[in-house]
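Visitor: Okay, structure incoming, though there's no sequence with it:
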């Protein structure tokens, strides 16, 4: 069970997911004051709901102010405060000379509940939040997240591109690298995976809890596939060049590993590798509850835009797209092959 009280990333993964927020809001049915298109709660109201003193709320505002402000906490003052008091003076019970008033929207209210360790009500809320977040993602993806990467509109072209570079690399390995055809290709693939996301195929399967028959590539995000494509293209070209320089002598698998390592250290690759690691670590942690320990330092919160891409209006039904665009995809694949 994730502990929302200790990780800003985990809290933000909840608060950036508007689909989960909407579900939680309906479930809780917290009454608020509708002002300028949004429902608000005062510090006193928040304290009463969570069963703590206002001083406890103030303490968390002092220690986590930036996070709470980022998620919707505001200090209402000036003209806005005057209008707010006119509408809700009978509810807020604040002195008429008050010059500013702290207000929580629903996201900020949830944010406070994810921070409060003193409140038993907040603890129960956190448990409910985690259950609803999981339920929302599974509902949006049709019951599973193994192939949530395919819901990204960028996945299909990236997968086609990678498949073609992979075929070229396989051909080069078969012709110019020593060893058994199947085994040496698996080794080179692992070298590339390790260079991009610090896991070989076996380790990646364990992290994602994949079956042995599941294809690793079919679960990778578009950005990761494109980096792998660049490695496959670069490694293939370098193997061919070394073969010619060696006077037609095949390369050893160890020599190919050195080529991969050299490419991984090239300054041009670094931004793309870092981006791929961040996307994989962050999305898998949020969507698949899978933790990539070897790239944990790249872990960040999934953005609201990413939630839209994978479970929102911008996401696609991969199987339906595939079925309805068979001819187009076939022509695209043939064009890539040429």
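Guide: Ah, there it is. Everything numeric here is computed off the predicted structure, so don't read it as measured data.
Visitor: If you count neighbours, what's buried in stretch 229-237?
Guide: 229, 230, 231, 232, 233, 234, 235, 236 (16 or more other Cβ atoms under 10 Å). No exception for glycine: its C-beta is placed from N, CA and C like everyone else's.
Visitor: Can you tell me which of the residues you listed lies closest to residue 294?
Guide: Relative to residue 294, the closest of the buried residues of stretch 229-237 is residue 231; by Cβ to Cβ it sits at 17.3 Å.
Visitor: Contact partners for the residue nearest to residue 52 when sequence neighbours are not counted?
Guide: Residue nearest to residue 52 in three dimensions, not counting chain neighbours: residue 119, with 5.2 Å by Cβ to Cβ, 6 or more residues apart in numbering. Shown in contact with residue 119 (Cβ atoms under 8 Å, 6 or more residues apart in numbering): 50, 51, 52, 113.
Visitor: Residues touching stretch 233-250, excluding its own?
Guide: Contacts for stretch 233-250 (Cβ under 8 Å, 6+ apart): 165, 168-169, 172-173, 175-178, 188, 192, 251, 255-256, 259-260, 263.
Visitor: Go again with 7 Å.
Guide: With Cβ atoms under 7 Å, 6 or more residues apart in numbering as the test, stretch 233-250 has contacts from 165, 168-169, 172, 176-178, 192, 251, 255-256, 259-260, 263.
Visitor: Give the helix, strand or coil label for the residue lying farthest from the centre of the chain.
Guide: Centroid-distance maximum for the chain: residue 247 at 47.1 Å, with Cα atoms, centre = their mean. For residue 247, the assignment made with DSSP: H, G, I helix; E, B strand; the rest coil gives coil.
Visitor: any idea which residue sits dead centre in this structure?
Guide: Note: the chain centre (Cα atoms, centre = their mean) maps to residue 283, 2.3 Å.
Visitor: how much space is there between it and residue 108?
Guide: Residue 283 sits 25 Å away from residue 108, going by Cβ to Cβ, to the nearest Å.
Visitor: Kindly report the same for residue 228.
Guide: Distance from residue 228 to residue 108, by Cβ to Cβ: 40 Å.
Visitor: Same check on residue 20?
Guide: To residue 108, residue 20 is 16 Å away according to Cβ to Cβ.
Visitor: residues contacting residue 191?
Guide: Applying Cβ under 7 Å, 6+ apart, the residues near residue 191 are 256, 257, 260.
Visitor: For the chain, just list every one of the strands.
Guide: 33-35, 38-42, 74-77, 100-104 (DSSP state E).
Visitor: Redo these as CSV? Include mean neighbour count and mean pLDDT.
Guide: Shown next, in CSV, are the strands of the chain (neighbours: other Cβ atoms under 10 Å; pLDDT from 0 to 100):
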stretch, mean neighbour count, mean pLDDT
strand 33-35, 14, 95
strand 38-42, 20, 95
strand 74-77, 16, 95
strand 100-104, 21, 95
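Visitor: Now that we have those strands, can you turn them into a markdown table and tack on distance to residue 298?
Guide: Formatted as a markdown table, the strands of the chain follow (distance: least, Cβ to Cβ, whole Å):
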| stretch | distance to residue 298 |
| --- | --- |
| strand 33-35 | 40 |
| strand 38-42 | 34 |
| strand 74-77 | 32 |
| strand 100-104 | 32 |
